[in-house]
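Sequence first, predicted coordinates after that:
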Amino acid sequence: MTRLEKVFNQKETKNKVLVTYTVAGDPNLGSSKKILNDLIASGADILEIGVPFSDPMSEGPVIQKAHERALKKNIQFKDILNLCKQIRIKNKNVPIVLMGYMNSFLSLKNKLAKELNQVGVDGVIVVDLPYDESKSFFNNLKKENIDLIRLISPTTDYKRLKRMLASSSGYLYYVSLKGITGAELKNFNEVKNKVKKIKSLTNLPVVVGFGIKDAPTAKKMSSFSDGIVVGTKIIDFIEKKSIPKISNFTKSLKKAIN
Amino acid sequence: MKYKNLNNYAFPDKEGRFGEFGGKYVSETLITALEELEKVYAKVKKDKSFQEEVIKDLNDFVGRPSPLYFAERWTKKLGGAKIYLKREDLNHTGAHKINNTVGQVLLAKKMGKKRVIAETGAGQHGVATATVAARHGLECIIFMGEEDIERQALNVYRMKLLGAEVCSVDSGTKTLKDAMNEAMRDWVTNVEDTHYIIGSVAGPHPYPEIVRDFNSIVGKELKIQSKKEFGKYPDIIVACVGGGSNAMGIFHPFIKETKTKLVGVEAGGSGVKSGKHAAPLSDGKVGVLHGMKTYLMQDKNGQILSTHSVSAGLDYPGVGPEHAYLRDIGRVEYQSATDQQALKSFHDLTKTEGIMPALETSHALAYVNKIAPKLSKSKTIVINLSGRGDKDMFTVAKEDGMTL
């Protein structure tokens, strides 16, 4: 059983999964490592680690700035791999998922899957790699048992969804709104109906992300899904130089969803 | 790779690719919009009444066909091949960009969209979009890098006069690529009522095809005009390449006419070797940006590098995927011209022919300036004179050490 499967298997105890997103190297490598370890200690079940990119097209202003801060520190892909390795040495169980843009992953060419496997990465999310373009990328990752986590959006139609599910693994990430990260979440019922629909078609766990900024929303969103993703709000603490507040916020989310 | 036979050249393929280039590298949310656009476009491509509507606007609103002009004094001065200019600078709004926006705005209406958005560098595409939005009564938002807003103040004001909202983009390098990022962010948020009018043969499929097709009017006219003017197709066609829309527009109808040599000229900035340039076909690596796989200026970690060019319209780290393919098969030759060479040609043409070219176009002129003297007088060169230079007055004055 993979680390991701193990985390979602807690389903039997009805525990919902808390996924956190931070950007590698934001505000610098040392703090980034400390933040990730604190997140684990305060209840994060899966770490999504953002790969900083010069052109983060799907991000709202808060996460864009996080990418810029990390790049100012000249974070290289090898630093990110090293960061993952250090997290993995301390913690054998928490799944690590790298989230980024295609051009960053292409820079490692055919060594990518092997390198990720070696440092204990469990999955990859590529924001600008839709299902249609992903076949060879998916197969390469599979060879090293790394999951390609699919994003599903409010505009994904039924036929396409069925095709996507045939080559999905790990978990599914439902993007709760049409827009960028950190935007305002308006239509709760629409999210609920869509997630229910997806769940009726697959046994894979479905987590909901984009626009979840507080414990009450987290609680609502987790009531019909397998977990939630929170990114912008955590990074907001980093931007405001309030890193110590992250732990309590994370604990409040964890408490709200379970 | 060298091409053998181009008789069956028909790109993009079903997956929206030109060889390995192109594709649809966008977030899942945008896929539905791209598929809709693909479907609607395939339909109107065969729809006679739609095509007639486009042609009518090109004739009556844009002022086509644009003349093919013999640059007699410049030819004499260089003392070699005969030089002709395809006068896209005479189009309404002053550049080739309007050929595309006239078509895309009709597409937007066909899809029932009430709002159009666009990115712009030099401001020519922004003006061309704002113009057709005004003509059709659509809401219009233009995204423009903070740095470009400064160096293209005249075009910014033109857009505002036309009723568009100009959004200043202060992220990243504050130029064209960042304006495109921001336009993508707007589109993903407002995808249901908004059509994104991409201004170059770049971006995800089907944009490279759509923008190429609408600009191909330039090459189609040239086929007729050159036969009439000198009894054959040109020996060489030269165009500047940023994203590559004016070049693709004039090249595409000639791709199978292999006796005609096609040359694209990129922005060499301070020189390709200096690293300060915007010439991904001369000095880039294959990667993915803005929805397409193509040649990009990037570092070893895949970070997009900041570019440099005296012309805002060429200041872009990528290039349309069809250009990437045409480069690899050797059908089009890609060269570069530096800022200084372009500026010199700007002055030369202005003084010799009384035609003030855009700084983008001046890169193509600079290349011709170099090769024309070496060619026999029986040869003909056609330059796509893609735009006029009024918008560049402040930049040119600054380079010449003047204040206006």
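Cool, got the structure. Residues are numbered from 1 along each chain as shown, chains lettered A, B, ... in the order given.

wait, what's in contact with A:Glu48?
A:Val19, A:Thr20, A:Tyr21, A:Thr22, A:Val97, A:Leu98, A:Met99, A:Ile125, A:Val229, A:Gly231 (C-beta atoms under 8 Å, 6 or more residues apart in numbering or on different chains). Yep, even glycine has a C-beta here, placed from its N, CA and C like the rest.

After the lengthiest strand in chain B, which helix or strand is next?
Of all segments of type strand in chain B, defined using DSSP state E, the longest is strand B:261-269. Where DSSP states H and E defines the elements, the next helix or strand beyond strand B:261-269 is helix B:280-283.

Run through the strands of chain A in chain order.
Counting by DSSP E, the strands of chain A are A:17-23, A:46-50, A:96-100, A:123-126, A:147-148, A:150-152, A:172-175, A:206-209, A:227-230.

Quickly check: the shortest one near chain B or not.
No. No part of strand A:147-148 sits close enough to chain B to count as contact by C-beta under 8 Å from any C-beta of the partner chain; the gap is at least 12.8 Å.

Mind giving me the packing neighbours of that strand?
Contacts defined by 3 or more C-beta pairs under 8 Å, 6 or more residues apart in numbering or on different chains; DSSP states H and E place strand A:147-148 against strand A:123-126, helix A:135-143.

ok, back up a step: just how off-centre is the longest strand of chain B within its chain?
12 Å (C-alpha atoms, centre = their mean, to the nearest Å).

What is the burial count for the residue in the stretch 101-250 of chain A that chain B sits nearest to?
Taking C-beta to the nearest C-beta as the measure, the point where the stretch 101-250 of chain A comes nearest chain B is A:Ser107, at 3.5 Å. When neighbours are counted by other C-beta atoms under 10 Å in any protein chain shown, A:Ser107 registers 19.

about what we covered before: please produce TSV containing the contacts of A:Glu48, extended by neighbour count.
Below are those laid out as TSV (neighbours: other C-beta atoms under 10 Å in any protein chain shown):
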residue	neighbour count
A:Val19	23
A:Thr20	26
A:Tyr21	25
A:Thr22	26
A:Val97	23
A:Leu98	27
A:Met99	22
A:Ile125	22
A:Val229	27
A:Gly231	26
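
Closest to B:Lys285 out of those residues?
Distance to B:Lys285 across these (C-beta to C-beta) is lowest for A:Leu98, with 21.6 Å.

And the closest one, how close does it get to B:His277?
Distance of A:Leu98 to B:His277, computed by C-beta to C-beta, to the nearest Å: 32 Å.

Identify the residues contacting B:Ser226.
B:Leu68, B:Tyr84, B:Lys232, B:Tyr233, B:Pro234, B:Thr380, B:Val382.

by how many degrees do the helix or strand where B:Ala342 lies and strand B:261-269 diverge?
Using DSSP H and E, B:Ala342 sits within helix B:339-353. Here helix B:339-353 points in a direction 120 degrees away from that of strand B:261-269 (axes from the mean of the first three to the mean of the last three C-alpha atoms, to 10 degrees).

And for helix B:339-353, what's in contact with it?
Contacts for helix B:339-353 (C-beta under 8 Å, 6+ apart): B:71, B:73-74, B:77, B:85, B:267-270, B:309-311, B:337, B:355-357, B:359, B:362-363, B:365-366, B:369-370, B:389, B:392, B:396, B:399.

Go through whichever helix or strand comes after that helix and flag the buried ones.
Using DSSP H and E, the helix or strand that directly follows helix B:339-353 along the chain is helix B:359-371. Neighbour counts over helix B:359-371 (16 or more other C-beta atoms under 10 Å in any protein chain shown) mark B:Leu359, B:Glu360, B:Thr361, B:Ser362, B:His363, B:Ala364, B:Leu365, B:Ala366, B:Tyr367, B:Val368, B:Asn369, B:Ile371 as buried.

Tell me the helices and strands packed up against helix B:359-371.
strand B:236-241, strand B:261-269, strand B:332-338, helix B:339-353, strand B:380-385.

how distant is that helix from the center of its chain?
15 Å.

what residue is smack in the middle of chain A?
A:Glu48 (3.7 Å; C-alpha atoms, centre = their mean).
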